[in-house]
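Asks: Model the structure of this input:
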Amino acid sequence: MTSLRRHAALTLALTVACAALVTRPAAAGAPLDQLKMQIDRVLKVVEDPELRKEGKGKERRVAVRKIANDIFDFGETARRSLGRHWLARTPAEQTEFVELFSDLLERSYLSKIELYGGEKIQYLSDSVDNGDQAKVLTKIVAKQGTEIPIEYRMHKKGDRWLVYDVIIEGVSLISNYRTQFNKIIQTSSYQELVKKMKSKQEELAGGTQS
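Replies: Next up is the predicted model:
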(Lines give C-alpha, C1' and ligand atoms only; values in the text may rest on other atoms or scores of the structure.)
Protein backbone atom coordinates (compact mmCIF):
# COMPACT_ATOMS: atom_id res chain seq x y z
CA MET A 1 0.00 0.00 0.00
CA THR A 2 1.37 3.42 -0.91
CA SER A 3 2.05 6.03 1.76
CA LEU A 4 -0.92 8.09 0.58
CA ARG A 5 -3.34 5.17 0.59
CA ARG A 6 -2.06 3.97 3.97
CA HIS A 7 -2.60 7.37 5.57
CA ALA A 8 -5.95 7.73 3.83
CA ALA A 9 -7.04 4.41 5.25
CA LEU A 10 -5.73 5.29 8.69
CA THR A 11 -7.32 8.73 8.73
CA LEU A 12 -10.73 7.57 7.59
CA ALA A 13 -10.62 4.63 9.95
CA LEU A 14 -9.79 6.89 12.88
CA THR A 15 -12.50 9.37 11.96
CA VAL A 16 -15.19 6.73 11.66
CA ALA A 17 -14.10 4.72 14.64
CA CYS A 18 -13.85 7.76 16.87
CA ALA A 19 -17.50 7.49 17.76
CA ALA A 20 -17.06 4.08 19.38
CA LEU A 21 -17.23 5.64 22.84
CA VAL A 22 -19.86 8.26 22.07
CA THR A 23 -23.06 7.36 23.90
CA ARG A 24 -25.24 10.20 22.64
CA PRO A 25 -25.24 12.53 19.60
CA ALA A 26 -22.75 15.36 19.80
CA ALA A 27 -24.27 18.83 19.87
CA ALA A 28 -23.52 21.13 16.99
CA GLY A 29 -20.40 23.18 17.53
CA ALA A 30 -17.21 24.13 15.81
CA PRO A 31 -16.42 21.43 13.22
CA LEU A 32 -12.82 21.19 14.45
CA ASP A 33 -13.97 20.71 18.04
CA GLN A 34 -16.30 17.87 17.07
CA LEU A 35 -13.65 16.18 14.96
CA LYS A 36 -10.99 16.46 17.66
CA MET A 37 -13.29 15.16 20.36
CA GLN A 38 -14.19 12.16 18.24
CA ILE A 39 -10.63 11.29 17.25
CA ASP A 40 -9.40 11.70 20.83
CA ARG A 41 -11.99 9.15 21.86
CA VAL A 42 -11.03 6.62 19.21
CA LEU A 43 -7.35 6.87 20.08
CA LYS A 44 -8.23 5.58 23.52
CA VAL A 45 -10.08 2.69 21.91
CA VAL A 46 -7.43 1.63 19.40
CA GLU A 47 -4.72 1.83 22.05
CA ASP A 48 -6.68 -0.32 24.50
CA PRO A 49 -4.67 -3.56 24.96
CA GLU A 50 -7.86 -5.60 25.23
CA LEU A 51 -9.20 -4.38 21.89
CA ARG A 52 -5.87 -4.99 20.20
CA LYS A 53 -5.82 -8.67 21.10
CA GLU A 54 -5.95 -11.27 18.36
CA GLY A 55 -9.49 -12.18 17.39
CA LYS A 56 -10.96 -8.82 18.40
CA GLY A 57 -10.92 -7.36 14.89
CA LYS A 58 -14.36 -8.50 13.82
CA GLU A 59 -15.95 -7.47 17.11
CA ARG A 60 -14.39 -4.03 16.86
CA ARG A 61 -15.44 -3.51 13.25
CA VAL A 62 -19.04 -4.55 13.94
CA ALA A 63 -19.28 -2.00 16.75
CA VAL A 64 -17.76 0.72 14.60
CA ARG A 65 -20.01 0.06 11.60
CA LYS A 66 -23.09 0.61 13.76
CA ILE A 67 -22.17 4.24 14.24
CA ALA A 68 -20.21 4.99 11.07
CA ASN A 69 -23.21 6.64 9.44
CA ASP A 70 -23.30 9.17 12.28
CA ILE A 71 -19.80 10.36 11.35
CA PHE A 72 -19.69 10.14 7.54
CA ASP A 73 -22.39 11.13 5.09
CA PHE A 74 -21.77 8.14 2.84
CA GLY A 75 -24.73 9.04 0.67
CA GLU A 76 -23.26 12.44 -0.15
CA THR A 77 -19.83 10.92 -0.79
CA ALA A 78 -21.37 8.33 -3.11
CA ARG A 79 -23.38 10.93 -5.05
CA ARG A 80 -20.40 13.23 -5.53
CA SER A 81 -18.13 10.32 -6.47
CA LEU A 82 -20.47 9.22 -9.26
CA GLY A 83 -20.55 12.81 -10.50
CA ARG A 84 -22.54 13.58 -13.65
CA HIS A 85 -23.57 9.94 -13.97
CA TRP A 86 -25.68 10.19 -10.80
CA LEU A 87 -28.62 11.95 -12.45
CA ALA A 88 -28.77 9.30 -15.17
CA ARG A 89 -29.51 6.62 -12.60
CA THR A 90 -33.00 5.55 -11.55
CA PRO A 91 -33.98 5.97 -7.88
CA ALA A 92 -33.51 2.22 -7.41
CA GLU A 93 -30.04 2.38 -8.97
CA GLN A 94 -29.11 5.35 -6.80
CA THR A 95 -30.18 3.50 -3.67
CA GLU A 96 -28.23 0.41 -4.69
CA PHE A 97 -25.14 2.45 -5.51
CA VAL A 98 -25.16 4.30 -2.17
CA GLU A 99 -25.53 1.03 -0.25
CA LEU A 100 -22.79 -0.68 -2.25
CA PHE A 101 -20.41 2.28 -2.12
CA SER A 102 -20.96 2.78 1.62
CA ASP A 103 -20.28 -0.86 2.35
CA LEU A 104 -17.10 -0.82 0.27
CA LEU A 105 -15.78 2.28 2.06
CA GLU A 106 -16.56 0.81 5.45
CA ARG A 107 -14.99 -2.56 4.69
CA SER A 108 -11.95 -1.04 3.00
CA TYR A 109 -11.10 1.59 5.57
CA LEU A 110 -12.45 0.25 8.84
CA SER A 111 -10.37 -2.88 8.35
CA LYS A 112 -7.28 -0.62 8.45
CA ILE A 113 -7.76 0.49 12.05
CA GLU A 114 -4.95 -1.84 13.10
CA LEU A 115 -2.55 0.30 11.02
CA TYR A 116 -2.53 2.91 13.77
CA GLY A 117 0.98 3.02 15.23
CA GLY A 118 1.07 6.05 17.48
CA GLU A 119 0.97 8.79 14.84
CA LYS A 120 0.15 12.22 16.25
CA ILE A 121 -2.73 14.27 14.89
CA GLN A 122 -2.49 18.06 14.97
CA TYR A 123 -5.55 20.26 14.49
CA LEU A 124 -4.70 23.46 12.66
CA SER A 125 -7.86 25.41 11.81
CA ASP A 126 -11.41 25.26 10.59
CA SER A 127 -13.64 27.53 8.53
CA VAL A 128 -17.37 27.58 7.93
CA ASP A 129 -19.01 28.77 4.70
CA ASN A 130 -22.70 29.66 4.34
CA GLY A 131 -23.39 28.24 7.78
CA ASP A 132 -23.51 24.61 6.70
CA GLN A 133 -20.23 23.89 4.86
CA ALA A 134 -16.89 23.53 6.63
CA LYS A 135 -13.24 22.70 6.14
CA VAL A 136 -11.06 21.34 8.93
CA LEU A 137 -7.30 21.36 8.43
CA THR A 138 -5.19 18.82 10.29
CA LYS A 139 -1.97 16.92 9.79
CA ILE A 140 -0.65 13.54 10.83
CA VAL A 141 2.89 13.52 12.22
CA ALA A 142 4.54 10.12 11.90
CA LYS A 143 7.08 8.89 14.41
CA GLN A 144 9.92 9.63 11.99
CA GLY A 145 8.71 13.23 11.70
CA THR A 146 6.98 12.99 8.32
CA GLU A 147 3.97 15.31 8.13
CA ILE A 148 0.86 14.41 6.13
CA PRO A 149 -1.65 17.28 5.59
CA ILE A 150 -5.27 16.19 5.91
CA GLU A 151 -8.28 18.35 5.04
CA TYR A 152 -11.79 17.28 5.99
CA ARG A 153 -14.77 18.58 4.05
CA MET A 154 -17.88 18.57 6.20
CA HIS A 155 -21.45 19.75 6.06
CA LYS A 156 -24.04 20.31 8.73
CA LYS A 157 -27.11 18.11 8.91
CA GLY A 158 -29.32 18.74 11.89
CA ASP A 159 -27.10 19.13 14.94
CA ARG A 160 -24.10 17.25 13.54
CA TRP A 161 -21.19 17.99 11.25
CA LEU A 162 -20.71 15.07 8.86
CA VAL A 163 -17.60 14.32 6.82
CA TYR A 164 -18.23 13.79 3.10
CA ASP A 165 -14.69 14.13 1.70
CA VAL A 166 -11.11 13.75 2.91
CA ILE A 167 -8.23 15.42 1.07
CA ILE A 168 -4.81 13.93 1.74
CA GLU A 169 -1.71 15.68 0.44
CA GLY A 170 -3.94 17.53 -2.03
CA VAL A 171 -5.69 14.40 -3.29
CA SER A 172 -9.47 14.24 -2.78
CA LEU A 173 -11.10 10.93 -1.92
CA ILE A 174 -14.14 11.91 -3.97
CA SER A 175 -12.13 13.09 -6.97
CA ASN A 176 -10.10 9.90 -6.92
CA TYR A 177 -13.19 7.70 -6.98
CA ARG A 178 -14.93 9.92 -9.54
CA THR A 179 -12.02 9.50 -11.94
CA GLN A 180 -12.05 5.72 -11.53
CA PHE A 181 -15.82 5.43 -11.86
CA ASN A 182 -16.01 7.72 -14.87
CA LYS A 183 -13.31 5.75 -16.69
CA ILE A 184 -15.12 2.45 -16.17
CA ILE A 185 -18.49 3.86 -17.25
CA GLN A 186 -17.06 5.55 -20.35
CA THR A 187 -15.00 2.58 -21.50
CA SER A 188 -17.65 0.01 -20.60
CA SER A 189 -20.91 0.76 -18.79
CA TYR A 190 -22.51 1.65 -15.48
CA GLN A 191 -23.54 -1.98 -15.13
CA GLU A 192 -19.90 -3.02 -15.42
CA LEU A 193 -18.99 -0.57 -12.64
CA VAL A 194 -21.60 -2.13 -10.36
CA LYS A 195 -20.32 -5.59 -11.27
CA LYS A 196 -16.76 -4.61 -10.34
CA MET A 197 -17.92 -3.04 -7.07
CA LYS A 198 -19.83 -6.17 -6.10
CA SER A 199 -16.78 -8.29 -6.91
CA LYS A 200 -14.64 -6.04 -4.69
CA GLN A 201 -17.25 -6.23 -1.96
CA GLU A 202 -17.06 -10.03 -1.97
CA GLU A 203 -13.26 -9.87 -1.89
CA LEU A 204 -13.21 -7.52 1.09
CA ALA A 205 -15.90 -9.49 2.87
CA GLY A 206 -13.78 -12.60 2.55
CA GLY A 207 -10.79 -10.80 4.01
CA THR A 208 -12.55 -9.39 7.07
CA GLN A 209 -14.13 -12.49 8.49
CA SER A 210 -11.52 -13.05 11.18
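
Asks: ends of stretch 106-124, how far apart?
Replies: Taking C-alpha to C-alpha, to the nearest Å, stretch 106-124 runs 27 Å from one end to the other.

Asks: By mean pLDDT, point me to the weakest helix or strand of this protein.
Replies: Within the chain, no helix or strand scores below helix 3-17, which has a mean of 50 by mean pLDDT, DSSP states H and E.

Asks: those helices in this protein, which residues are they?
Replies: 3-17, 31-46, 57-68, 74-82, 91-110, 173-187, 190-207 (DSSP state H).

Asks: Now do the buried residues in the last one.
Replies: Spelled out, that is helix 190-207. The neighbour-count check on helix 190-207 (16 or more other C-beta atoms under 10 Å) flags Tyr190, Leu193, Met197, Gln201 as buried. Heads up, the C-betas are built off the backbone N, CA and C, glycines and all.

Asks: got a list of what the last one touches?
Replies: Yep, that's Gln201 we're talking about. By C-beta atoms under 8 Å, 6 or more residues apart in numbering, Gln201 lies in contact with Leu100, Asp103, Leu104, Arg107.

Asks: how close does it get to Glu93?
Replies: Per C-beta to C-beta, to the nearest Å, Gln201 is found 16 Å from Glu93.

Asks: Same question for the second one.
Replies: Separation of Leu193 from Glu93 (C-beta to C-beta) stands at 11 Å.

Asks: can you list the weak-confidence ranges in this structure?
Replies: 1-29, 41-46, 51-52, 57-70, 109-116, 207-210 (pLDDT under 70).

Asks: now with 50?
Replies: Confidence mapping of the chain against pLDDT under 50 gives the ranges 1-5, 16-28, 210.

Asks: picking up where we left off before, out of the contacts of Gln201, which is nearest to Lys183?
Replies: Leu104 (16.9 Å; C-beta to C-beta).

Asks: Burial check on that closest one, number of neighbours?
Replies: Residues within reach of Leu104, counting by other C-beta atoms under 10 Å, total 20.

Asks: Quick check, it in contact with Lys200.
Replies: Yes: using C-beta atoms under 8 Å, Leu104 is in contact with Lys200, at 6.1 Å.

Asks: buried set for stretch 142-155?
Replies: Buried, per 16+ other C-beta under 10 Å, within stretch 142-155: Ile148, Ile150, Glu151, Tyr152, Arg153, Met154, His155.
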